[in-house]
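What would the 3D arrangement of this be:
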Amino acid sequence: MRAGYIQNWNYVIERELLGSVLLRVAYVGSKGTNLTLSREINPGIYGPGATAANINQRRPLARIGAISLGYSDSNSSYNAMQVTVQKRYSQGFSVLGNYTWADPSTPLHSVPSPATMAAPIR
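Here you go, the predicted model:
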């Protein structure tokens, strides 16, 4: 397995408007490379009477139990704009408003689908 890592970055612009109003606009981003995922390769097969208590009896290899396969080929990214407006009043009172617009994206090939997670490897 390759060692995974995450890179983070941000950029902030802050300005005072109208004397007591502060405007802050920020860009925040991150990128994950070679992130580790795991997949259950001996899942309990769902059927009538299935409960959490009898999951091991429903596995294809019932004597072994849970088997997780780890691999490091997943990537992720996150991009966001954050806007903050703060109005300062006398005697330390202030009003703060925030808004975040974000675009988290993870490639579909790196997220196991329920069908692949439930299907045993033969």
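
which stretch of helix or strand covers residue 26?
Using DSSP states H and E, residue 26 falls within strand 21-40.

Quick check: buried residues in that strand?
Within strand 21-40, the residues that count as buried by 16 or more other Cβ atoms under 10 Å are 22, 28, 32-33, 35, 40. Where C-beta positions appear, they are placed from N, C-alpha and C, glycine not excepted.

Among those, pick out the one closest to residue 59, please.
If you rank these by distance to residue 59 using Cβ to Cβ, residue 40 comes first, at 9.4 Å.

Contacts only, for that closest one.
66-69, 117 (Cβ atoms under 8 Å, 6 or more residues apart in numbering).

how about a cut-off of 6 Å?
Listed by Cβ atoms under 6 Å, 6 or more residues apart in numbering, the contact set of residue 40 reads residue 68.

got a list of contacts for stretch 67-79?
Stretch 67-79 is touched from outside by 1-2, 4, 29-42, 103-106, 110, with contacts defined as Cβ under 6 Å, 6+ apart.

ok, back up a step: wait, which of the buried residues of strand 21-40 is closest to residue 95?
Using Cβ to Cβ, these come closest to residue 95 at residue 22, 10.8 Å.

Can you tell me the closest non-neighbouring residue to the closest one?
Of all residues beyond its chain neighbours, the one nearest residue 22 is residue 86 (4.3 Å), with distances taken as Cβ to Cβ, 6 or more residues apart in numbering.

those strands in the chain, which residues are they?
5-17, 21-40, 68-88, 94-105 (DSSP state E).

okay, now residue 44: neighbour count?
Residues within reach of residue 44, counting by other Cβ atoms under 10 Å, total 20.

Check the gap between the closest residue to residue 5 other than its chain neighbours and residue 8 for me.
Leaving aside its sequence neighbours, residue 5 sits nearest to residue 33 (Cβ to Cβ, 6+ apart; 5.8 Å). Counting by Cβ to Cβ, to the nearest Å, the gap from residue 33 to residue 8 is 12 Å.
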